[in-house]
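> Quick one, what's the 3D model for this:
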Amino acid sequence: MTRNIALLGSTGSIGRQTLEVARELGLSVVALSANSSIDLIEAQAREFSPRLAVLYDETAANELRARLADTKVEVMSGMEGLLAAATLDEADTVVTAVVGMIGLRPTLAAIEKKKRIALANKETLVCAGELVVDAAEKSEAEIVPVDSEHSAIFQCLQGCRDRSEVKRLILTCSGGPFYGLSYDELAGKTRADALKHPNWTMGAKITVDSATLMNKGLEIIEAMRLYRLPLEQVDAVIHRQSIVHSLVEFRDGALLAQLGTPDMKLPIRYAMTWPNRAVSPSEPLDLLSCPPLTFAPPDEKAFRCLALAKGCAKTGGTSCAIMNGANEAAVGAFLQERIGFNDIPALVETALSDVAQVSKPALADILEADRMARESVTRHIK
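Numbers count the residues shown, from 1 in each chain. Now for the predicted structure:
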């Protein structure tokens, strides 16, 4: 079980909920990191007294350093700070809750130090999954997923003695706020519309990804990497109620599912306590009062991001890094209200045409593919 955590992305939705779990379980927080949220990370640092606090933005880090001058907390900035937080000797678990490709290098560094990785940064496995999983196997570092869907699969596989018995992984998807709309009907949807998720409270980027269904495409790729399965053995279904968090189908026809309320603290807590389970103060799912459970196929013609992600999953190489980098840049522009909703898949598709792909990439190839994809999006927006 986890005792000391380094939390990368402490001011985001997952980060804040991880600190709630840390309070419940009495965990020590030895490092915190964020991008530029000075007030919140200062409050967190004063409560948890970590050895290290990191703000990626150097100017913000300088202000935080001045504010925490009366404490023993060391303050760092940039990638150097993230790498330091991910490799602290005191930390037995590194929670990677940062959003985007920025989490890749710290995750690899933590794996090299044989930390437990409580992984909430799906882009790490999407862009460099084979490198990450190979590195974890080599160092014998544990990767325990925090995403609700991948945690569900992880839990369902605990009693599976032979992975060859697995026929299919089935990821569930709420369908987001625009379920049932056609591609043309999506064209006029705004930032405010996209941020109205029906079931989950999450950060802006992942909420938009849920609206485009890119989030489910990323999770399909993540599952392929994490469990070393081909695309043909990973599927997704629309499940509007977000009660069944994912399922595993076995070759004898049996289906195992993990059910629960839409509460991210459950998978976070399990990642901290695995292979054990801790008592939870949260209300459990009441089967007698939960709504009927429904399932439907996703509409890949209306939600083109899902189809693009599955295409990249088949292609492999740097295509996933290109897709992810372009999507991050496009979603950022959408959140700034510089582009429309349907421009997101269009810009991703353009980047996949613009940027040359490498079939067997090294880390440098992946980082370069990400950079060039973002440049493509910026160029076409201008």
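
> Phi and psi next, for residue 95.
With angles defined as degrees, to the nearest 10, residue 95 sits at phi -90, psi 110.

> Nearest spatial neighbour of residue 235, chain-adjacent residues omitted?
residue 170 (5.2 Å; CB to CB, 6 or more residues apart in numbering). (Each C-beta comes from the backbone N, C-alpha and C, glycine too.)

> Tell me the pLDDT of that neighbour.
Residue 170 carries a pLDDT score of 98 in this model.

> Could I get the contacting residues of it?
Listed by CB atoms under 8 Å, 6 or more residues apart in numbering, the contact set of residue 170 reads 235-237, 246-249, 255.

> repeat for residue 344
Contacts of residue 344 (CB under 8 Å, 6+ apart): 208, 212, 214, 305, 327, 330-331, 334.

> can you rerun that using 10 Å?
For residue 344, the residues meeting the contact criterion (CB atoms under 10 Å, 6 or more residues apart in numbering) are 186, 194, 208-209, 211-212, 214, 304-305, 308, 326-327, 329-331, 333-334, 377.

> hmm, back to that, buried set for the helix or strand hosting the residue nearest to residue 235?
If you go by DSSP states H and E, residue 170 is part of strand 166-173. The neighbour-count check on strand 166-173 (16 or more other CB atoms under 10 Å) flags 166, 169-173 as buried.

> What number of residues are in the vicinity of the closest residue to residue 98 other than its chain neighbours?
Distances taken as CB to CB, 6+ apart put residue 9 closest to residue 98, at 3.9 Å, once the chain neighbours are dropped. Residues lying near residue 9 (other CB atoms under 10 Å) number 26.

> Is it correct that residue 9 is in contact with residue 118?
No. Residue 9 is not in contact with residue 118 according to CB atoms under 10 Å; the separation is 11.2 Å.

> that older thread, and the next helix or strand past the strand holding residue 170?
Following strand 166-173 in sequence order, the next helix or strand is helix 183-186 (DSSP H and E).

> Can you show me the CA trace of that next one as CSV?
What follows is helix 183-186 as a C-alpha-only set of coordinates in CSV (Å, rounded to 0.1, in the frame of the first residue of the first chain):
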residue,chain,number,x,y,z
TYR,A,183,-22.3,15.9,-37.4
ASP,A,184,-24.2,18.9,-38.8
GLU,A,185,-26.0,19.6,-35.5
LEU,A,186,-22.7,19.6,-33.7
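
> what sits up against the very next helix or strand once past that helix?
Per DSSP H and E, the first helix or strand lying C-terminal to helix 183-186 is helix 191-194. Contacting residues not belonging to helix 191-194 are listed as 176-178, 186, 204, 207-212, 331, 334-337, 341, 344 [CB under 10 Å, 6+ apart].

> Now helix 191-194: buried residues?
residue 194.

> need the next SSE after that helix, C-terminal direction.
Using DSSP H and E, the helix or strand that follows helix 191-194 in sequence is helix 204-212.

> Could you pull out the buried residues of that next one?
In helix 204-212, counting by 16+ other CB under 10 Å, buried: 204-212.

> Packing partners of the one helix or strand residue 40 maps to?
Here residue 40 sits within helix 38-48, counting by DSSP H and E. Applying 3 or more CB pairs under 10 Å, 6 or more residues apart in numbering; DSSP states H and E, we find helix 38-48 packed against strand 4-8, helix 13-25, strand 28-34, strand 52-55, helix 58-67, strand 74-77.

> quick one: the second one to chain centroid distance?
Which is helix 13-25. 16 Å (CA atoms, centre = their mean, to the nearest Å).

> Tell me which residues of that helix come out buried.
In helix 13-25, counting by 16+ other CB under 10 Å, buried: 13-19, 21-22, 24-25.

> mind checking the end-to-end distance for stretch 248-264?
20 Å (CA to CA, to the nearest Å).

> tell me which element the nearest residue to residue 151 once chain neighbours are set aside falls in.
Nearest residue to residue 151, sequence neighbours excluded (CB to CB, 6+ apart): residue 267, at 3.4 Å. For residue 267, the enclosing helix or strand under DSSP H and E is helix 265-273.
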